[in-house]
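> got a predicted structure plus its sequence, pasted below:
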Amino acid sequence: MGEGDAEELLLRHLKALFVLRGSGLAVTIKNARGKGAQHVVSFAIRHSRNAEYDEVVALFDTDAAWTEKVRVNARKGGVQMLPCEPCLEALLLQAFGQSTGGFTTQQLKQRFLSLFGRPAHSNQYLREADAKFFEDAQHHVPAIATLLALLRL
């Protein structure tokens, strides 16, 4: 489950790179259409009730509605949380070897835009991000390591 368009784009790209046809692994990606961590976790719980999933994972920003209540609801609902602190752009900038400490969400989004010329919900940055790129990035970006581990089950 991705919080919005940018998260969905990243998840679909990773699926295309790492989930081989005929591997027996089925990955369903959904877009919660934003509204913060609370909404994403609730959306993931609701959708997981309608199907039998082995794993339910939510990738979301922590800059809106990220509370202890959300953490508790996710644990109770069986949702594995992949928070991007404070936003997906921070995770992506880290993957590309950029420093993200001490910046606000708005500053990180601006840095991302300056580096790639487009926001994260475009596919511009993915042109440089092949399987080897993500395999290397997993060593310094824990959320990417978790995603790759799930996609290789």
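Nice, thanks for sending it over. Residues are numbered from 1 along each chain as shown.

> the residue minimising distance to the centre of the chain in helix, strand or coil?
Nearest residue to the geometric centre of the chain (Cα atoms, centre = their mean): L59, 3.8 Å. Under the three-state scheme (DSSP: H, G, I helix; E, B strand; the rest coil), L59 adopts strand.

> show me the beta-bridge partners of it.
G2, L82 (DSSP bridges).

> what sits against the closest residue to N123 other than its chain neighbours?
Distance criterion Cβ to Cβ, 6 or more residues apart in numbering; nearest residue to N123, sequence neighbours excluded, is L9 at 6.3 Å. Glycine gets a C-beta too; all of them are placed from N, C-alpha and C. For L9, the contacting residues are 120-121, 123, 126, by Cβ atoms under 8 Å, 6 or more residues apart in numbering.

> who wins for neighbours among those residues?
Neighbour tally across these (other Cβ atoms under 10 Å): the maximum, 25 neighbours, falls on A120.

> wait, that one sits on E3?
No: using Cβ atoms under 8 Å, A120 is not in contact with E3, being 11.2 Å away.

> overlap in contacts, those two.
With Cβ under 8 Å, 6+ apart, A120 and E3 have common neighbours L88.

> mind listing what's buried in stretch 135-149?
Neighbour-count burial for stretch 135-149 flags 137-138, 141, 143-144, 146-148 (criterion: 16 or more other Cβ atoms under 10 Å).

> got it, and stretch 54-64?
By neighbour count with 16+ other Cβ under 10 Å, stretch 54-64 contains the buried residues 56-64.

> in CSV, list these along with distance to T28.
Output for those, formatted as CSV (distance: Cβ to Cβ, whole Å):
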residue, distance to T28
V56, 10
V57, 11
A58, 13
L59, 14
F60, 17
D61, 21
T62, 24
D63, 26
A64, 24
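
> turn those residues into TSV, including pLDDT and distance to G102.
Putting these into TSV (pLDDT from 0 to 100; distance: Cβ to Cβ, whole Å) gives the following:
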residue	pLDDT	distance to G102
V56	96	33
V57	96	28
A58	97	26
L59	97	23
F60	97	22
D61	96	17
T62	95	15
D63	94	15
A64	88	20
